[in-house]
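Trainee: Prediction below, plus the sequence it came from.
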Amino acid sequence: MSSFLNAYRKLLELPLSILVKNNPIPHNPIEELELNITQPVVYMLPYTSETDFVIFRKNCLSVGLPDPLEDNEINGSILPRFVFLDEGRRFFKSKGAKKETIAVFNKYLELHRTLPELDVQVIPVSVLWGRAPGHEDKSKLPNLRLLNGLQKPLQRFGLGGILCTLFTGGFFTLYDARTWF
């Protein structure tokens, strides 16, 4: 499954690099969000979308953030560097939080209990289609919604492939989670 998924992502890279204009926000997340990339990083994406993942990964690499496809190795444990919170919509409605994501965060929390110096940084990330920050109609709020695989190419041709990858700051590190347990 993993080799098929990696091949699929590679297949998506070329058309997306041609059709989509990347716009990471902030432009320098390491400095602006005060990230310590010497410590492990976990990217948290809102829903499963391979198209969004390919765009998000390209933006990570362009701004010097750790590659989301590489795993975090902590004290002999190998854990993924990204998680999807939700399956996303398939036909009717979302299934809710992914069991794999819950299991991954439980493993990170367990490592935090045993390694006091560990400081995993959780970075929420969203790929927002059809956004041109600073160039939008000020009279209405932006229309942010979950787009399916067919709507994304249509959005690209309708709005010129403008999107932004939003790296959110102000979130906690798992080091902070120790005070909650």
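Mentor: Arrived safely, thanks for sending.
Trainee: by contact count, what packs against the lengthiest strand in the chain?
Mentor: Assignment by DSSP state E gives strand 121-129 as the longest strand of the chain. Judged by 3 or more C-beta pairs under 8 Å, 6 or more residues apart in numbering; DSSP states H and E, strand 121-129 is in contact with strand 41-45, helix 50-62, helix 151-159, strand 163-167. For the C-beta atoms, the positions are set from N, CA and C on the backbone; glycine is no exception.
Trainee: worst average pLDDT in the ones you listed?
Mentor: With a mean of 52, helix 151-159 has the lowest mean pLDDT of the helices and strands packed on strand 121-129.
Trainee: And the helices in this protein, which stretches?
Mentor: Ranges of helices in the chain, per DSSP state H, are 2-19, 29-32, 50-62, 99-114, 151-159, 174-177.
Trainee: Any chance of these in CSV with distance to Leu128 and mean neighbour count as columns?
Mentor: Listed next are the helices of the chain as CSV, based on distance: least, C-beta to C-beta, whole Å; neighbours: other C-beta atoms under 10 Å:
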stretch, distance to Leu128, mean neighbour count
helix 2-19, 15, 11
helix 29-32, 15, 16
helix 50-62, 9, 19
helix 99-114, 21, 14
helix 151-159, 11, 14
helix 174-177, 26, 16
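Trainee: would you list those in TSV and tack on distance to Thr38?
Mentor: Listed next are these as TSV, based on distance: least, C-beta to C-beta, whole Å:
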stretch	distance to Thr38
helix 2-19	27
helix 29-32	11
helix 50-62	16
helix 99-114	16
helix 151-159	35
helix 174-177	13
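Trainee: Would you tell me which of these gets closest to Leu85?
Mentor: Ranking these by proximity to Leu85 (C-beta to C-beta) places helix 99-114 first, at 6.0 Å.
Trainee: any idea of the angle the closest one forms with strand 121-129?
Mentor: Orientation of helix 99-114 against strand 121-129 (axes from the mean of the first three to the mean of the last three C-alpha atoms, to 10 degrees) gives an angle of 150 degrees.
Trainee: pLDDT on helix 99-114, on average?
Mentor: 90.
Trainee: shaky segments in the chain?
Mentor: 1, 88-97, 130-164, 169-181 (pLDDT under 70).
Trainee: do that again at 80, thanks
Mentor: Within the chain, the segments meeting pLDDT under 80 span 1-2, 5-6, 11-23, 87-98, 128-181.
Trainee: hang on, isn't Ser49 packed against Val127?
Mentor: Yes - applying C-beta atoms under 8 Å as the test, Ser49 and Val127 come out as touching, 7.5 Å apart.
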